[in-house]
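Q: Okay, predicted coordinates and the sequence, questions at the end:
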Amino acid sequence: MVVLLLLCLPLVFASYAFQLEDKNRHIFSFFLGIFTAGLLIPVVSIVFPLALHNIDSMKSYVYHAFFTHTIVPLLITALAVFLLSGFQPLAVPSGLFGLFTVKIYQQLFFTSADPRVMPVVFYILLYASTLFIFDALLHFCAEVTFYYYTLCGLCFLGFLGLLFGAYFGWGLWYFGNISSVSAVALFAGLTVLALALHITVYRRAGSV
């Protein structure tokens, strides 16, 4: 089971990249994301050691798990991919697939003594779904001929907001503020929305 979880996000990315025209750029961005995250996440963990904090409230969870250990490496990785891919916003989701792959590996490492499958599965769904939605929004922006980078920036902010909402929902379940049924419904709804947008975008692209 652990091996399947290790391969899950890379396989999702491979199926995603297979549909793209400029595969080499996106594969480069994916490995750039892995490399950047591999450098950043250990540094962030040393500067802000998560294990030393007693996360006993939503406030501490959002601050440490989301802002410190997710947003900081995410912003730096997204900027690195954007610059090194030749200012191509469409390459950013591929780089973030690499970042989130490293984060899944990190979580599996931290829980290796007491493997817990369901939290990892939920995080895989969270990462893949939000990235598919982000990618779909960027493709919709590509059809606009004015204020392209501004619209892509707004899509990126929307992606961050969606990611925050998913993390917040997970925190509500973790601290017992919502039921397991509500948590499953939340992530199922996010996954269905992501798949619907993804299929719509690439079906349209295939029909052109």
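A: Arrived safely.
Q: okay, CA-based contacts and neighbour counts for the rest of this
A: Noted.
Q: in this structure, which spans are helices?
A: In the chain, helices defined by DSSP state H lie at 2-17, 23-47, 58-61, 72-84, 92-110, 117-141, 148-174, 180-207, listed in chain order.
Q: So the residue nearest the centre of the chain versus Leu75, what's the distance?
A: Against the mean C-alpha coordinate of the chain, by CA atoms, centre = their mean, the closest residue is Tyr127 at 3.5 Å. Separation of Tyr127 from Leu75 (CA to CA, to the nearest Å) stands at 15 Å.
Q: before we move on, back to that, TSV for the helices of the chain, including mean pLDDT?
A: Compiled in TSV, the helices of the chain are given as follows (pLDDT from 0 to 100):
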stretch	mean pLDDT
helix 2-17	87
helix 23-47	93
helix 58-61	88
helix 72-84	96
helix 92-110	93
helix 117-141	92
helix 148-174	94
helix 180-207	86
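Q: which one of these has the most crowded surroundings?
A: Counting by mean count of other CA atoms under 10 Å, helix 92-110 has the highest mean neighbour count of the helices of the chain, with a mean of 22.
Q: Residues contacting it, please?
A: 2, 6, 9-10, 13, 26-27, 29-34, 36-38, 41, 73-74, 77-78, 81-82, 115, 120, 123-124, 127-128, 131-132, 134-135 (CA atoms under 8 Å, 6 or more residues apart in numbering).
Q: ok so, going back, list the residues that contact the residue nearest to the centre of the chain.
A: Tyr127 is in contact with Phe97, Phe100, Leu163, counting by CA under 8 Å, 6+ apart.
Q: Make TSV out of those residues and add distance to Tyr61.
A: Below are those laid out as TSV (distance: CA to CA, whole Å):
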residue	distance to Tyr61
Phe97	23
Phe100	18
Leu163	14
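Q: Which of those residues sits closest to His139?
A: Each of the contacts of Tyr127 was checked against His139 using CA to CA; the closest is Phe97, at 16.7 Å.
Q: what's the burial count for Glu143?
A: Residues near Glu143, counting by other CA atoms under 10 Å, number 9.
Q: what's the distance between it and Ala196?
A: 19 Å.
Q: Gly95 now?
A: Gly95 sits 22 Å away from Ala196, going by CA to CA.
Q: likewise Leu190?
A: 10 Å.
Q: so what's Leu131 up against?
A: Counting by CA under 8 Å, 6+ apart, Leu131 makes contact with Pro93, Leu96, Phe97, Phe159.
Q: now swap in Asp135 and tell me
A: Applying CA under 8 Å, 6+ apart, we find Asp135 in contact with Leu90, Pro93, His198.
Q: go again using 10 Å as the cut-off
A: Asp135 makes contacts with 89-94, 129, 141, 155-156, 159, 194, 197-198, 201, as judged by CA atoms under 10 Å, 6 or more residues apart in numbering.
Q: likewise Pro119?
A: Neighbouring residues of Pro119 by CA under 10 Å, 6+ apart: Gln107, Leu108, Leu125, Trp170, Tyr174.
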